[in-house]
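Enquirer: fold the following.
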Amino acid sequence: MEISIIQIIGIETLYTLAVVLPALAVFFKTKSLYNFSGYKGLKYFSLAFLFIVTGFILRFFIMLGKVSSGNVISTIDQFDLLLLGMIFFLTAGGLLLFYSLVWKRFERRSYESKPINNTLVMVYSISILIAVFDFLNQSFVAYYSSQIIVFLTASIISYNSYVKDKKKFKQFYFISMVLFLIAMIINLIAQYTIDSYPYIRFYTYILTAIIMFIFYYVTKQLLLQKQDG
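Expert: Below you'll find the model as predicted:
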């Protein structure tokens, strides 16, 4: 069964809203919580979702461009500045989510007196290199590979954190990291099977939207716990 252009636009619009709206809510809630508590992990967590929102907005405009050119199913073959920006922001978002878990291992009090956070410079530099690499090679291999490694590591770290302190929000954080990992694996597989099995794209959309709502739920629970405390 063929999907019309109107249906594609509708699906992409709903998918973008299903990801961007809860991600924006997470950004504003965690930013507010950071301003209240001063906990730096929340700063990077919040920034990660701002980057993810930006990446998905750029992705939406890329998909609109694909629809207008008649290329709506196969992998992206017209690489431009929007695509370069999308890969950068999504890569940086994933790295910042990971960094929000491990920032204490890299930062010391001396960082507070430094105008530049060297670790963040490294995060952005890695994201730029991955974006440029995929841009030049017309693939998403570096992006998905890096994200799979990042979320696999984040899953292990968040699981160990949950085992040590079995709080509900840590459990959901672990589940979210695992779901992100699964989404990245499915996306990577989809790049090579999309032509023979196009509906795998929509399964990935559903999973990604669920992940964002889980993150929103976790953030809401965290805020409620802080208010009760």
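Enquirer: got the phi/psi numbers for residue 39?
Expert: With angles defined as degrees, to the nearest 10, residue 39 sits at phi -80, psi 120.
Enquirer: strands along this structure, start to end?
Expert: Taking DSSP state E as the test, none of the chain falls into strands.
Enquirer: tell me where it has helices.
Expert: In chain order, the chain shows helices spanning 5-37, 40-69, 81-106, 118-137, 141-164, 168-193, 200-228, with DSSP state H as the criterion.
Enquirer: for the second one, packing partners?
Expert: Right, the one you point to is helix 40-69. Applying 3 or more CB pairs under 8 Å, 6 or more residues apart in numbering; DSSP states H and E, one finds that helix 40-69 makes contact with helix 5-37, helix 81-106. Bear in mind the C-beta positions are built from the backbone N, C-alpha and C, glycine included.
Enquirer: excluding chain neighbours, what is closest to residue 159?
Expert: Nearest non-adjacent residue to residue 159, counting by CB to CB, 6 or more residues apart in numbering: residue 174, 5.1 Å away.
Enquirer: that should have said residue 40, apologies.
Expert: Residue nearest to residue 40 in three dimensions, not counting chain neighbours: residue 103, with 5.8 Å by CB to CB, 6+ apart.
Enquirer: okay, that neighbour and residue 178: tell me how far apart.
Expert: Taking CB to CB, to the nearest Å as the measure, residue 103 and residue 178 are separated by 21 Å.
Enquirer: more crowded one of those two?
Expert: The residue with more neighbours, out of residue 103 and residue 178, is residue 103; 20 against 17, by other CB atoms under 10 Å.
Enquirer: wait, that one touches residue 39, no?
Expert: No - proximity of residue 103 to residue 39 does not meet the contact threshold set by CB atoms under 8 Å, at 9.9 Å.
Enquirer: so where's the protein uncertain?
Expert: Counting by pLDDT under 70, the chain contains low-confidence residues at 1-3, 69-79, 108-116, 169, 194-196, 198, 225-229.
Enquirer: which residues does residue 157 contact?
Expert: 101-102 (CB atoms under 8 Å, 6 or more residues apart in numbering).
Enquirer: how far away is the residue nearest to residue 59 when sequence neighbours are not counted from residue 51?
Expert: Nearest in space to residue 59, with sequence neighbours left out and distances taken as CB to CB, 6+ apart, is residue 86 at 5.1 Å. For residue 86, the distance to residue 51 under the criterion CB to CB works out to 11 Å.
Enquirer: and for residue 43?
Expert: 13 Å.
Enquirer: compare those two (neighbour count), which wins?
Expert: In terms of neighbours (other CB under 10 Å), residue 51 is the more surrounded of residue 43 and residue 51; the figures are 24 against 19.
Enquirer: isn't the more buried one right up against residue 93?
Expert: Yes - contact criterion CB under 8 Å: residue 51 and residue 93 qualify, at 3.7 Å.
Enquirer: hang on, the earlier thing: which residues touch the residue nearest to residue 159?
Expert: Residues touching residue 174, when contacts are defined by CB under 8 Å, 6+ apart, comprise 155, 158-159, 161-162.
Enquirer: go again using 7 Å as the cut-off
Expert: Listed by CB atoms under 7 Å, 6 or more residues apart in numbering, the contact partners of residue 174 are 155, 158-159, 162.
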